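**Student:** show me the folded form of this:
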Amino acid sequence: MVDTFLRLENDIEGLAELYAMSSQDEQAELEDERAAVAATLQRLYRETLFAGPHDHRAAILTLKPGAGGTESSDWAGMLLRMYRRFAERQGFTVELLDVVHNDAAPAGIDYAQLIVRGDRAYGLLRVEGGVHRLVRVSPFDSNNRRHTSFASLEVMPEIDDEIDIEIDPKDLRVDVFRSSGPGGQSVNTTDSAVRVVYKGGTPDEIVVSCQDGKSQIKNREKALMVLRSRLWEREERQRLAEQLKARGEQKAIEWGSQIRSYVLDKQYVKDHRTGLMRHDPDSILDGDLEELMWSGLEWQARQGVI
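**Tutor:** So this is what the prediction gives:
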């Protein structure tokens, strides 16, 4: 990156000299070079936004609908599709670990957990964590009334064995059960799904389930991997709270605060942290999230949150 920056510095100085000596027509001919330098400068700037120690890792996404039954479940299903479409656009891979469908909404879900793998998947997706709000004329309301729905997204890095997270086997309970999701006859007729319950000396249990495939052993490994990530997340919250306290800041760590509204009947999406507003909600719901994510990364950098 240093070599690229030095070359860019020379290019900028050279262009500035040429502009100073050129006529208006000649300056117009230099536009392509100026645009190339600007694009390189933006790429270098964006590199600096990936300052987190786990930005290079895969991202674990957990989606849950808020109160509201069918409406919220349908909204959670829309968000699941949105993030899968985003991953496809980026050339990332998606592994669906667990999903609970809602029979009342054809595409709705009551819960979903997936892993997105790709270049800096967690670095991009970490800004998406929080509560997402949908406002629309409901397709489930025969009176065509306007409804507001909420769904929450948790984003964690995939924490593997390289990072030491202590898990005492005495604090674990492992249950096996029959998978309820799609996957073929043998998935649905064998006890291949795994639920891991972790107590760990705290009042709140951590429950992780995986029913991704036919192998109970592989599902157990994946569930334990997600548990490691959840334990890392808990430690990270404590670290950030201590960091803010040391800096004398009183603001709350609003991991679950409302971050974005999708107002379909008025055709706009607004990010409440950055103020960025777009008027193409259909495109965004089809996975066009890059602008919102880069804006969110810049906002986090200004807040000093990594």
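**Student:** quick check: the nearest residue to Gly296 once chain neighbours are set aside vs Lys270, distance?
**Tutor:** With C-beta to C-beta, 6 or more residues apart in numbering as the criterion, Gly296 has its nearest non-adjacent residue at 3.3 Å, and that residue is Val127. The C-beta positions use only the backbone N, C-alpha and C, and glycine is treated the same way. Distance, Val127 to Lys270, by C-beta to C-beta, to the nearest Å: 15 Å.
**Student:** so between those two, which is more surrounded?
**Tutor:** The residue with more neighbours, out of Val127 and Lys270, is Val127; 24 against 15, by other C-beta atoms under 10 Å.
**Student:** surely that one meets Met293?
**Tutor:** Yes. If you go by C-beta atoms under 8 Å, Val127 and Met293 touch, sitting 5.6 Å apart.
**Student:** max-length strand in the protein?
**Tutor:** strand 146-157 (DSSP state E).
**Student:** can I get the next helix or strand after that one in CSV, CA atoms only?
**Tutor:** Next along the chain after strand 146-157, taking DSSP states H and E as the criterion, comes strand 172-177. Presented in CSV, the C-alpha positions along strand 172-177 are these (Å, rounded to 0.1, in the frame of the first residue of the first chain):
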residue,chain,number,x,y,z
LEU,A,172,-22.1,-27.5,27.7
ARG,A,173,-25.3,-29.5,27.0
VAL,A,174,-25.6,-30.9,23.5
ASP,A,175,-29.0,-32.0,22.3
VAL,A,176,-29.7,-33.8,19.0
PHE,A,177,-33.0,-33.7,17.2
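**Student:** helices or strands next to strand 172-177 in the packing?
**Tutor:** Under the contact criterion of 3 or more C-beta pairs under 8 Å, 6 or more residues apart in numbering; DSSP states H and E, strand 172-177 touches strand 193-198.
**Student:** how about the helix or strand following the strand it packs on: buried residues?
**Tutor:** Per DSSP H and E, strand 193-198 leads on to strand 206-210 as the next helix or strand towards the C-terminus. Buried residues in strand 206-210, defined by neighbour count with 16 or more other C-beta atoms under 10 Å: Ile206, Val208, Ser209, Cys210.
**Student:** point out where the stretch 201-306 of the chain drops to low pLDDT.
**Tutor:** 201-203, 213, 243-257, 305-306 (pLDDT under 70).
**Student:** try it again at 80.
**Tutor:** 201-204, 212-214, 237-257, 304-306 (pLDDT under 80).
**Student:** where's the residue lying closest to Thr48 once chain neighbours are set aside, which helix or strand?
**Tutor:** Distance criterion C-beta to C-beta, 6+ apart; nearest residue to Thr48, sequence neighbours excluded, is Ala301 at 7.7 Å. If you go by DSSP H and E, Ala301 is part of helix 290-303.
**Student:** mind saving the C-alpha coords of that helix as CSV?
**Tutor:** Extracted in CSV, the C-alpha atoms of helix 290-303 (Å, rounded to 0.1, in the frame of the first residue of the first chain):
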residue,chain,number,x,y,z
GLU,A,290,-22.5,-1.3,-1.2
GLU,A,291,-23.1,2.5,-0.9
LEU,A,292,-24.9,2.1,2.4
MET,A,293,-22.1,-0.1,3.7
TRP,A,294,-19.3,2.2,2.7
SER,A,295,-21.2,5.1,4.3
GLY,A,296,-21.6,3.1,7.4
LEU,A,297,-17.9,2.2,7.6
GLU,A,298,-17.0,5.8,7.3
TRP,A,299,-19.5,6.7,10.1
GLN,A,300,-18.0,4.0,12.3
ALA,A,301,-14.5,5.3,11.7
ARG,A,302,-15.5,8.8,12.7
GLN,A,303,-17.1,7.3,15.9
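**Student:** which residues touch it?
**Tutor:** Where contact means C-beta atoms under 8 Å, 6 or more residues apart in numbering, the residues beyond helix 290-303 that reach it are 46, 48-51, 123-128, 260, 269, 271, 273-274, 276, 278, 284, 306.
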